[in-house]
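Trainee: Give the three-dimensional model of this entry:
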Amino acid sequence: MASRTTHPVLDARALNRATLARQLLLGRAGMAARDAVGHLVGLQAQNVKPPYFQLHARLAGFAPAELAGLMESRQVVRMVTLRSTLHTHTAHDARTLRPLVQPARDREVNQFRKGLVGVDPARLADHARAFVEDEPRTMGEIRAELFARWPDADPRSLAVAARCLLPLVQVTPRGVWGRSGQVRLTTVEHWLGAADAPASPASHIAPDAPASPAAPDWPPAPDAPASPAAASVDDAVLRYLAAFGPASVKDMQVWAGLTRLKEAFERLRPRLAAFSDANGVELFDLPDAPRPDPDTPAPPRFLPEFDNLLLSHADRTRVIAPEVKGRTWTGNQAHRTLLVDGFVAGLWKPSTEGDTGADLGSGITVELFGAVPEATREEIVAEAELLVTTMGGAPAGARGPVRFASIHG
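Mentor: Okay, here's the model as predicted:
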């Protein structure tokens with residue numbers, strides 16, 4: 001929506017530098033990995049390795065063992081939250097963000113309602129909870145168990161309903177660097193301990209509510225009371241702006257996978273600074289948040305596939321120039337990207353692509369979208385060598401091969 005009042009205008013470059021500052025990408029931060037995961041409000045974790053590469057790009061002295069240790073000690077977990085995709089979150093955020101995004105999970109269940117006729121959602125949630133809390137289960141095991149209990153329902157719909165109604169986390173060793181493991185699930189309360197945990201997202205459904213034989217309540221009615229322990233929407237807005245601002249209402253809705261957030265922004269307006277982008281769209285920000293000079297240097301950074309920097313705004317021109325739009329994806333597969341001067345300027349991949357996509361022992365291949373000055377090319381090489389050394393296990397100081405070529409060649 002266009003701004004109705006005159007606000008200071010922030011062009012794409014100003015927005016770029018502000019966002020990079022929040023994302024810890026103008027210079028590596030001396031921050032603990034756990035604190036960074038919290039500041040960033042989670043790390044996109046559609047694949048196992050990207051969270052480690054996201055922190056490498058952002059933190060000074062980061063080593064994969066630091067995040068792996070947090071996974072094993074249950075200080076961070078992997079679960080479906082924002083945009084109904086997997087994220088790595090701190091234990092605190094796993095408890096609080098999951099109820100916040102429940103409306104999106106309800107919409108997902110609603111797509112499968114025809115396969116759930118005659119199924120009471122509360123009883124399904126209770127049965128699935130007992131099953132996964134007995135011991136962590138695979139989705140195949142959950143589907144089979146629920147189908148045995150409700151043989152007239154669609155097995156896939158039953159599994160989707162359980163996954164959406166319950167706050168399920170992936171248990172280790174899944175997600176631990178250097179280890180492998182099948183996806184097994186239990187509830188966040190069971191994995192982290194129930195003390196001070198928010199109520200289950202399914203708790204607003206009356207336990208004894210009868211199921212309609214024609215149309216069970218999938219999802220619960222929009223005016224159903226929210227869980228009293230659900231995360232504050234206002235707090236989520238402020239945290240989003242701290243990590244991704246300045247941003248519009250629509251930007252945050254894209255990031256969260258939610259709708260109807262304008263009311264929260266209006267409620268917070270007296271506490272926020274207002275700007276406009278070059279198209280007149282109103283942007284909000286925290287008054288004291290960093291908004292560096294647009295000419296602030298931005299070093300090259302190698303980002304993994306599905307980095308939230310590229311996924312968390314409706315208008316992504318602050319990091320992806322219009323002329324390279326569409327080049328970071330092939331079909332549904334996101335490519336690893338290279339930032340140069342703060343903007344996506346190329347792609348990269350391990351020169352020897354392993355099954356995990358993280359075998360850097362043979363160096364990396366970099367594809368630039370356009371020519372860069374020789375000094376910039378040297379900075380890219382230096383950053384690539386740090387990547388290979390830290391994330392690929394090369395000896396310290398070793399000059400790993402960096403090849404400039406098409407990644408599709």
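Trainee: Quick check on V169: phi, psi?
Mentor: phi -120, psi 150 (degrees, to the nearest 10).
Trainee: how about it, what does it touch?
Mentor: 77-79, 94, 185-188, 191-192 (Cβ atoms under 8 Å, 6 or more residues apart in numbering). For every residue, glycine as well, the C-beta is placed using N, CA and C.
Trainee: repeat that with 7 Å
Mentor: Shown in contact with V169 (Cβ atoms under 7 Å, 6 or more residues apart in numbering): 77-79, 94, 185-186, 188, 191.
Trainee: ok, I380 touching P299?
Mentor: No: between I380 and P299 there is no contact, the gap being 9.5 Å when judged by Cβ atoms under 7 Å.
Trainee: the more surrounded of the two?
Mentor: Each of I380 and P299 has its neighbours counted (other Cβ atoms under 10 Å); I380 has more, 25 against 19.
Trainee: in a helix, that's where that one is, yeah?
Mentor: Yes: assigned with DSSP: H, G, I helix; E, B strand; the rest coil, I380 falls within a helix.
Trainee: tell me the pLDDT at A215?
Mentor: Looking at A215, its pLDDT reads 35.
Trainee: Over to G30?
Mentor: The model's pLDDT for G30 equals 97.
Trainee: What is the burial count for it?
Mentor: Around G30 there are 8 residues (other Cβ under 10 Å).
Trainee: Just give the nearest non-adjacent residue to it, would you?
Mentor: In space, and not counting its chain neighbours, G30 is closest to A60: 5.1 Å by Cβ to Cβ, 6 or more residues apart in numbering.
Trainee: Can you name the residues that contact the one you found?
Mentor: 28-30.
Trainee: Pick the one among those closest to G393.
Mentor: For those, the residue nearest G393 by Cβ to Cβ is R28; the value is 19.7 Å.
Trainee: Distance check, the closest one against W177.
Mentor: 19 Å (Cβ to Cβ, to the nearest Å).
Trainee: Same check on L55?
Mentor: From L55 to W177 the distance is 11 Å (Cβ to Cβ).
Trainee: ok, back up a step: give me phi/psi at the residue nearest to G30?
Mentor: Torsion angles, degrees, to the nearest 10, at A60: phi -70, psi 130.
Trainee: now swap in R13 and tell me
Mentor: phi -70, psi -40.
Trainee: what sits against it?
Mentor: P294.
Trainee: What sits closest to the spatially most central residue of the chain if chain neighbours are left out?
Mentor: The residue lying closest to the centre of the chain (Cα atoms, centre = their mean) is Q44, at 3.0 Å. Nearest residue to Q44, sequence neighbours excluded (Cβ to Cβ, 6+ apart): F306, at 4.4 Å.
Trainee: List phi and psi for that neighbour.
Mentor: phi 60, psi 30.
Trainee: what's the pLDDT at the residue nearest to G30?
Mentor: As predicted, A60 sits at a pLDDT of 97.
Trainee: before we move on, what about the one 3 residues further on?
Mentor: Per-residue confidence for A63 comes out at a pLDDT of 95.
Trainee: for D126, same thing?
Mentor: 97.
Trainee: For the helix or strand encompassing it, list the C-alpha coordinates in PDB.
Mentor: D126 belongs to helix 121-134 when assigned by DSSP states H and E. Output in PDB follows, covering the C-alpha atoms of helix 121-134 (Å, rounded to 0.1, in the frame of the first residue of the first chain):
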ATOM      1  CA  PRO A 121      -9.200 -33.300  15.700                       C
ATOM      2  CA  ALA A 122      -8.700 -33.200  19.500                       C
ATOM      3  CA  ARG A 123      -8.700 -37.000  19.700                       C
ATOM      4  CA  LEU A 124      -6.300 -37.300  16.800                       C
ATOM      5  CA  ALA A 125      -4.000 -34.800  18.400                       C
ATOM      6  CA  ASP A 126      -4.100 -36.700  21.700                       C
ATOM      7  CA  HIS A 127      -3.500 -40.000  20.100                       C
ATOM      8  CA  ALA A 128      -0.600 -38.700  18.000                       C
ATOM      9  CA  ARG A 129       0.900 -37.000  21.000                       C
ATOM     10  CA  ALA A 130       0.900 -40.100  23.100                       C
ATOM     11  CA  PHE A 131       2.500 -42.100  20.200                       C
ATOM     12  CA  VAL A 132       5.400 -39.700  19.500                       C
ATOM     13  CA  GLU A 133       6.000 -39.000  23.100                       C
ATOM     14  CA  ASP A 134       6.400 -42.700  23.800                       C
END
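Trainee: If you count neighbours, what's buried in the helix or strand just after that helix?
Mentor: Once the chain leaves helix 121-134, the next helix or strand it forms, by DSSP H and E, is helix 139-149. Within helix 139-149, the residues scored as buried using 16 or more other Cβ atoms under 10 Å are 139, 141-143, 145-147.
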